[in-house]
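**Student:** coords below, sequence missing:
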């Protein structure tokens with residue numbers, strides 16, 4: 001895997017919210033992830049990008065309103081940091097879901113966190 005054609009290793013984690021999620025849920029979760037201390041430090045150092053991408057099904061067909069949040073680790077240590085990143089993202093998404101229930105009506109959307117090729121759409 002390479003990042004931006006530079007020959008630099010990259011690994012990625014995708015967060016996909018279920019069909020009950022609103023666009024504001026996607027934006028709120030992205031902001032939450034950007035403020036999580038371990039992730040915030042990686043972004044600041046340029047070792048992590050947090051992006052919104054159009055959600056697609058297994059065949060690459062766009063899925064409704066949904067967006068995915070993709071966190072891309074960049075650099076020589078990407079593979080080493082990957083398991084830690086995956087655990088941090090799962091924890092942060094769980095905390096966001098708990099918090100969302102206290103600030104908005106209704107149940108929070110279910111979320112799936114998994115590894116993904118950073119170039120996958």
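**Tutor:** Great, that's in hand. Just so we're clear, the structure is a prediction, and the values are computed from it rather than from any experiment.
**Student:** And the strands in the protein, which stretches?
**Tutor:** 10-17, 48-56, 62-74, 111-116 (DSSP state E).
**Student:** who does the second one touch, helix- and strand-wise?
**Tutor:** For strand 48-56, the elements it packs on are helix 23-35, helix 37-45, strand 62-74, judged by 3 or more C-beta pairs under 8 Å, 6 or more residues apart in numbering; DSSP states H and E. Where you see a C-beta, it was placed from the backbone N, CA and C, and this is true even at glycine.
**Student:** Export the ones you listed to TSV and append columns for mean neighbour count.
**Tutor:** Below are the helices and strands packed on strand 48-56 laid out as TSV (neighbours: other C-beta atoms under 10 Å):
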stretch	mean neighbour count
helix 23-35	16
helix 37-45	14
strand 62-74	19
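**Student:** which ones are touching residue 27?
**Tutor:** Applying C-beta atoms under 8 Å, 6 or more residues apart in numbering, we find residue 27 in contact with residue 52.
**Student:** For it, give its distance to residue 110.
**Tutor:** 18 Å (C-beta to C-beta, to the nearest Å).
**Student:** Pull up the per-residue confidence for residue 76.
**Tutor:** For residue 76, the model assigns a pLDDT of 73.
**Student:** Run through this protein and note the low-pLDDT ranges.
**Tutor:** Residue ranges of the chain with pLDDT under 70: 1-10, 55-66, 118-121.
**Student:** pull the longest helix from it.
**Tutor:** Assignment by DSSP state H gives helix 78-103 as the longest helix of the chain.
**Student:** now it: how far from the chain's centre is it?
**Tutor:** The chain centroid and the centroid of helix 78-103 are separated by 9 Å under C-alpha atoms, centre = their mean, to the nearest Å.
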